[in-house]
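[1] this one's structure only:
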């Protein structure tokens with residue numbers, strides 16, 4: 001892909017992450033906390049994947065923590081340890097927020113509460129803003145000219 005196409009693809013992923021954050025807020029306001037947690041997780045995942053596409057790489061998987069840790073340009077991410085920590089928090093909302101067998105004997109709706117949704121949204125807001133900032137600053141100082 002060309003650098004212009006990479007940027008367009010990445011922008012679409014960031015825009016969709018922003019939509020997921022809006023969905024999380026709407027779901028939380030409706031009391032659907034498990035769903036809000038999952039939408040927050042999706043926001044974080046898409047925000048990080050956008051950065052992979054920006055540098056013409058193909059992300060694989062759904063663990064946001066792993067996507068951050070394996071990001072090919074991680075050396076250009078300031079506060080990467082904070083990104084990893086926030087990503088790990090969102091990973092906890094990937095499976096058990098959606099499946100009735102993800103937690104013992106309870107449905108996701110019985111297991112997630114307002115504070116969980118608020119935590120998920122705060123983590124997503126951080127990763128979305130950090131990703132947007134990295135995107136807007138791309139290419140970072142020192143980025144290899146050969147890429």
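    Happy to help now that I have it. A quick note: this is a predicted structure, and the numbers were derived from the prediction, not measured.
[2] now tell me what touches stretch 115-134 from outside.
    Outside stretch 115-134, the residues within contact range by C-beta atoms under 8 Å, 6 or more residues apart in numbering are 14, 17-18, 20-21, 24-25, 27-28, 33-34, 36-37, 40-41, 43-44, 47-48, 50-51, 64, 76-77, 79, 82-83, 86-87, 89-90, 93, 140. C-beta here means a position set from N, CA and C on the backbone, and glycine is covered the same way.
[3] buried subset of these, written for PyMOL?
    Typed into PyMOL, the next command selects the buried ones out of the contacts of stretch 115-134 (criterion: 16 or more other C-beta atoms under 10 Å):
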select buried, resi 14+17+18+20+21+24+25+27+28+33+34+36+37+40+41+43+44+47+48+50+51+64+76+77+83+86+87+89+90+93
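[4] give me the distance between the residue of the chain positioned farthest from its centre and residue 118.
    Relative to the centre of the chain, the most outlying C-alpha is that of residue 105, 28.6 Å out, by C-alpha atoms, centre = their mean. With distances taken as C-beta to C-beta, to the nearest Å, residue 105 is found 25 Å from residue 118.
[5] residue 40 too?
    Counting by C-beta to C-beta, the gap from residue 40 to residue 118 is 9 Å.
[6] hey, where'd the helices end up in the chain?
    Ranges of helices in the chain, per DSSP state H, are 3-29, 33-54, 64-69, 80-91, 108-111, 114-137.
[7] which helices and strands sit right next to the longest one?
    So that's helix 3-29. helix 33-54, helix 114-137 (3 or more C-beta pairs under 8 Å, 6 or more residues apart in numbering; DSSP states H and E).
[8] that older thread, could you measure from the residue farthest from the centre of the chain over to residue 95?
    With C-beta to C-beta as the criterion, residue 105 and residue 95 are 16 Å apart.
[9] all set, thanks.
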